[in-house]
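Asks: Here you go, sequence then predicted model.
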Amino acid sequence: MMIQWLWITALHVAPKWLESLVEQLFAALPVWLTSNLTPTDATDFIVWPLLQIGVMLLIVLTVVAYLTLAERKVSAWIQVRVGPNRTGPLGLLQPAADGIKLLIKEDVIPFKADKVVFTLAPIISMVCAFIVLAVLPYGPHYASITNINIGLLFILSVSSVGVLGIILGGWASNSKYPLLGALRSSAQMVSYEAAIGLTIVSALIFTRTFSMQGIVEAQRSLGVWFILFLFPSFIVFLVSAVAETNRAPFDLAEAESELVGGFHTEYSGFRFSIFFIAEYTNMVVVSAIAATLYLGGWYVPGMDWVAAQLPAAYREAALTLMGVTAFSIKCGAILYLFIWMRWTFPRYRYDQLMELGWKWLMPAALANIVLTATIFILGKELGLVRSVKGVLEMAWQGKVFFTVAGFLSLFPILALLNAINRNSRSFNLRAQRTTIPLSTRKVKLSPGVKPA
Amino acid sequence: MLLVGWEALFFWLLTLAALFAAVFTVSAHNPVHCALFLISTLIATAGLFLLLRAEFVAGAQILVYVGGILVLFLFVLMLVNTRSEVENPFNRQDKVGAFIAVLVGLALLGAVTYTQQRGGFFKTKPSADRLAIENARPDPNAPAGVISADTETLGVTLYTRAVLPFEIASVLLLMAIVGSVLLARDRRQEETYD
């Protein structure tokens, strides 16, 4: 009664005060803007970034479109087929034809779906995939949009939000196969995100910063790529990255042969293509992180020397051009590796996937943190490396030491993984029943004992 | 620290977003919608951390809460049949719950006003280092490999001054993990599998 009365009075009173409020706001807005938005601010924070974002989005969308063509061409090549070759020369217009087809298809929303969440899910996926593009270091100077000091953490956290798109899409469809796909994907994402996060920590010991440009600069000042120092970390990252992007052999969230289409079974037309674009954009992002963290980003040894030979006026432009080219080549190589993996390896079973995540990648990443930290401290004590204002300085002896130690640390990690996986039980209950009978387990619960 | 200009605008936008999303978290009927509103609240809170120039905390907030915990929330919500909750969202506890909520809210309000009257949350004046960190703006053209002050401060604090609470919290979490595994898979259950 009380609430009703309040509501009615509010409805009667509202228009008047609302009107005055809106009037006041509109009167105050120009004053506020002129005092808070100087012309230089406007160009620095609005016009210039928007320009960069527009150009970058155009390029990345084209890359993503042709990535789908590359996927089909490479798969055809691996399977000794020809692949798309009818639309345009060599099938080069195929992405455009696909896009138009998806745009003009009927957009079906299932009758019993949760409509708001159903429409929200692809948007979350795509927005999260695109936001990350803003902090990637495409090249030096003007070739990257922004350089924030938590770049890497920002990428990780935003892409972890992107998982919600898959989960919500699967749930909102109100259908069995998408729900199964969503369940699988949420468990998979949580497991492999942990592995990615941990393996990045060991890389951070050498980069000394989260900023993506800072990571590249750290490698530039040393003149080496961190893959030399961090080879085990690179392997763990690569495997987890494939799982993060939901690609074969870890594509359990969609698994065509088991779940029809997985989480996007009920999606059609343009909504489906949004999921598709998000997936391929995530591939680009993940390969960009791998290229930045381990392969030097836009830096190639010797590029500063080449730039120094040129006249001073062209130096910066040449550096930018070389940087962007190097970055694109590195990303392209890793993307090719992803496609190659997809068409080479068979899909993992669900329990195998969990086992790989928790019993192989997680311990490897954890052991790698401890080993890398130990090696770093050892190098510091031996006087091979100095940290000056957060920047590492080392002579060639230091580089050799860290490279050798980095590759040698593979052995203790492999020994640890062997020890763990020999003495622990399989996640698969069926396998447990056959290998470890309950009678032996009751008597000897110590993990070192092998059952007869 | 007085809020002016863009900071004030973003502060009010984020605060309102967080508050309204929090209200909807409680009032939404569908548990998955509740989880979605909770996510909005957490992201708005991360934005507030950014305004405090605690970039690392903001990133970790989204990574841990939205990417980890809320994903697991949704995971559980999908497995559990929540239809009965949708039909009857209230139970006998709601009056007691409302009473306790009002009590806690009043206590918080009192605490805030009390500390404000005593001259803010910080009794002592912040040190020069602390002020330098607080007033430092991220340099867009930072030289090679500079550690952001925020991440460094957090790391140093976590392993020096706050090491005991940190360890206690981690042991608590470990206990929760081991306990849940023990509850989920006891010997009786394994016997039924055999």
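Replies: Good, I have the coordinates.
Asks: From what I see, A:Trp358 and A:Gln188 are in contact.
Replies: No. With contact defined as CB atoms under 8 Å, A:Trp358 does not reach A:Gln188; the gap is 11.1 Å. All C-beta spots, glycine's among them, are computed from the backbone N, C-alpha and C.
Asks: Tell me which of these two has more neighbours.
Replies: A count of neighbours by other CB atoms under 10 Å in any protein chain shown puts A:Gln188 above the other of A:Trp358 and A:Gln188, at 24 against 16.
Asks: does that one belong to a helix or a strand, and which?
Replies: helix A:176-207 (DSSP states H and E).
Asks: now check that helix, is it near chain B?
Replies: Yes. Judged by CB under 8 Å from any CB of the partner chain, helix A:176-207 comes into contact with chain B at A:Leu179, A:Ala182, A:Leu183, A:Ser186, A:Ala187, A:Met189, A:Val190, A:Glu193, A:Gly197, A:Thr207.
Asks: Relative to A:Tyr350, how far out is the spatially closest residue to the first one that is not a sequence neighbour?
Replies: Yep, that's A:Leu179 we're talking about. Nearest non-adjacent residue to A:Leu179, counting by CB to CB, 6 or more residues apart in numbering or on different chains: A:Gly170, 5.5 Å away. The spacing between A:Gly170 and A:Tyr350, counted by CB to CB, to the nearest Å, is 15 Å.
Asks: where does the residue of chain B found nearest chain A land in three-state SS?
Replies: Residue nearest to chain A within chain B: B:Gly67 (2.5 Å; CB to the nearest CB). Secondary structure, DSSP: H, G, I helix; E, B strand; the rest coil: B:Gly67 is helix.
Asks: For the closest residue to it other than its chain neighbours, give me its contacts.
Replies: Once flanking residues are discounted, B:Gly67 sits nearest to A:Ser160: 2.5 Å by CB to CB, 6+ apart. By CB atoms under 8 Å, 6 or more residues apart in numbering or on different chains, the residues touching A:Ser160 are A:Met189, A:Glu193, B:Ile62, B:Leu63, B:Val66, B:Gly67, B:Gly68, B:Val71.
Asks: Sticking with the residue of chain A found nearest chain B, tell me its helix or strand.
Replies: Distances between chain A and chain B by CB to the nearest CB are smallest at A:Ser160, namely 2.5 Å. Taking DSSP H and E as the criterion, the element that holds A:Ser160 is helix A:151-172.
Asks: Next, the angle from that helix to helix A:176-207.
Replies: Helix A:151-172 runs at 170 degrees relative to helix A:176-207, counting by axes from the mean of the first three to the mean of the last three CA atoms, to 10 degrees.
Asks: just how off-centre is the helix holding A:Gln188 within its chain?
Replies: 10 Å (CA atoms, centre = their mean, to the nearest Å).
Asks: Could you pull up the mean pLDDT of that helix?
Replies: Across helix A:176-207, pLDDT averages out at 84.
Asks: try stretch A:152-169
Replies: 87.
Asks: So, low pLDDT: which residues of chain A?
Replies: Residues of chain A meeting the criterion pLDDT under 70: A:1-17, A:255, A:387-390, A:423-452.
Asks: should've said chain B
Replies: Checking chain B against pLDDT under 70 turns up B:1-4, B:81-91, B:118-149, B:186-194.
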